[in-house]
Structure formats: structure tokens, C-alpha cells
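Novice: no sequence for this one, just the structure:
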């Protein structure tokens, strides 16, 4: 393996020795044309302050269905001591893809590998995993992440920061306990309610997530990210009418928001029955 360093985007990774320089790179993406059957690209983009990993699988599954892709499987990969989402799927015409959604400090590094031979895909997947695990932020990027962490601790408290880090590492039982302590100390701790909603949802407690999403809306009605997530939770629980109400409120503010429009279409076209 050799090191590929991108100073403009602020990261470096280890890549196979036989990979040549990228065939394309600009201020937000890098594309490697590695061999006749293989492609690997990295797209960098900003995310809104609250990470969206709790709905990453939900949203990505809708994307897969919309495009008619198949054999979707989700998983997690640990990069820089933090769990991130990956998705494996078949785009058709024997075009196999694995996408890694790596997020640090409000920035997503979406890495997508494709291969048009299933047997080779299985072989190359081991290499792609190693490449992604080797991902390292440049010092200036790492300092930015550290600043965000320090600022979050100052604003939200050391207990919340400890809970957030436990959640980011996938230690959800520990995170849940710490977040409940935060809320016990301060019942109006908005960030603790938001993070606990994330933890409840990702561990399968959708009803528990709903309680905290509603509390966040009560405490901060202007939080559009939370309201979007609230609509998603209501939809998953089969409360399509309430979910549509939340989305319509969002669309009254941002009528052309593609994420709001996409969620409304999903709720309208494929309502889930209440259990």
C-alpha cells in the first residue's frame, strides 16, 4: 500500500501500489480508475450540524428502491475509533457497489467502490475496507474536529460530551445511561433529548425515540432537522397522518427542499400500517 494525500480536502488514505493517480479531482471529489473492472471515488460535502446517521439507512434504502437497485445490505465500519455506515448493493447489469458514509466534524467523506464482476467484488471488498479504515484527517482538519468537541462540551456540559462520544463509538447502552443522567439533571437539555432520540431509534426503540423528538420540538420548534426526523419516526410507527402534518409544516417554510419533498412522497405512496 502507498499513501495518497489530498491537501485541498484535508485527508490521506492508503491505496494499493498499482493504483495510479486519480483520473479526476476537484474541490469536492476524487475519482480513481483503478483497473478495468473497478472504480473508487470520494465525494466530500458539508452536513447540517446534527449528523444524520440515524436516518442514513432509512433514506438510503428509499434511494435504492427509487432507482430499482437490489440486494441491499447495511453494515458498520470503524474509522478513527468511530462507527460509520456502509451499504452494499447491486445496481443492475452485474454492477456491484459498496458505499461508505464517513462523517467527522460536520463533514461527510462518501467513498464509493464499484466492480462489474461479483466474484472479484468479494475479493476487492477486503481491499476497500482496508483503504477506508486507513482514512486519516490532516492535522488542520483534526484540529477543527477537536474544536467542535471542545465547544460542544463547553455549551452542553462534560456529561453530555461523554455521552456523545459513547454514542459515536457505538456504545449505545453506556450512551443511553449518560444521556438519561443529563436529562435528570436538566429536563430541558435539548441536545441530550436529540441524542437520546438517536440512540433509542438506532437500537430499535422507535416509540422511545418519538418521546424525545417531540420534546425537542416543544423546546425548539425552529429545529427543522429534528422535525424532519420526527416525521420519519412517526412514519416508521405507522402514523402517516401525523408524519404528513410535520412534513407539510416544513414545506410551508421550504417548499422546494428536496429532502422534505422526498419524505412526503414516501409517506404518501407507501404508508406503513400501525401495529
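Specialist: Perfect, thanks for sending it. Given the structure is predicted, the values throughout are model-derived calculations rather than measurements.

Novice: Residue 5 is in contact with residue 15, correct?
Specialist: No - in this structure, residue 15 is not within contact of residue 5 by C-beta atoms under 8 Å, at 10.5 Å. For every residue, glycine as well, the C-beta is placed using N, CA and C.

Novice: quick one: which helix or strand includes the residue nearest to residue 83 when sequence neighbours are not counted?
Specialist: Closest residue in space to residue 83, ignoring its immediate chain neighbours: residue 170 at 4.1 Å, by C-beta to C-beta, 6 or more residues apart in numbering. Here residue 170 sits in a region with no helix or strand, counting by DSSP states H and E.

Novice: thinking again about what came up before, who has more neighbours out of residue 15 and residue 5?
Specialist: When neighbours are counted by other C-beta atoms under 10 Å, residue 15 and residue 5 differ, and residue 15 comes out ahead with 20 against 11.

Novice: Show me the strands in the stretch 1-150 of the chain, by range?
Specialist: Ranges of strands in the stretch 1-150 of the chain, per DSSP state E, counting those that start in this stretch, are 2-6, 11-15, 24-25, 29-35, 38-46, 70-79, 82-90, 96-104, 107-115, 136-137.

Novice: closest to residue 183 out of the ones you listed?
Specialist: Minimum separation from residue 183 across the strands of the stretch 1-150 of the chain (C-beta to C-beta) falls at strand 82-90, 23.5 Å.

Novice: Got the domain ranges for the protein?
Specialist: Residue ranges for the domains of the chain, per automatic domain parsing: 2-141, 157-269.

Novice: which of those sits most buried?
Specialist: Among these, domain 157-269 has the highest mean neighbour count (mean count of other C-beta atoms under 10 Å), at a mean of 18.

Novice: Okay, now the unreliable bits of this protein?
Specialist: 27, 46-56, 58-59, 105-106, 140-156, 273-275 (pLDDT under 70).

Novice: just the helices in it please.
Specialist: For the chain, helices defined by DSSP state H occupy the ranges 53-67, 118-133, 139-156, 158-168, 172-185, 190-202, 206-219, 224-236, 240-253, 258-269.

Novice: Residue 9: which of the ones you listed is closest?
Specialist: Relative to residue 9, the nearest member of the helices of the chain by C-beta to C-beta is helix 139-156, separated by 8.7 Å.

Novice: Quick check: residue 86 touching residue 75?
Specialist: Yes - assessed by C-beta under 8 Å, residue 86 is found in contact with residue 75 at 5.1 Å.

Novice: Now for those two: what residues contact both?
Specialist: Counting by C-beta atoms under 8 Å, 6 or more residues apart in numbering, residue 86 and residue 75 have no contacts in common.
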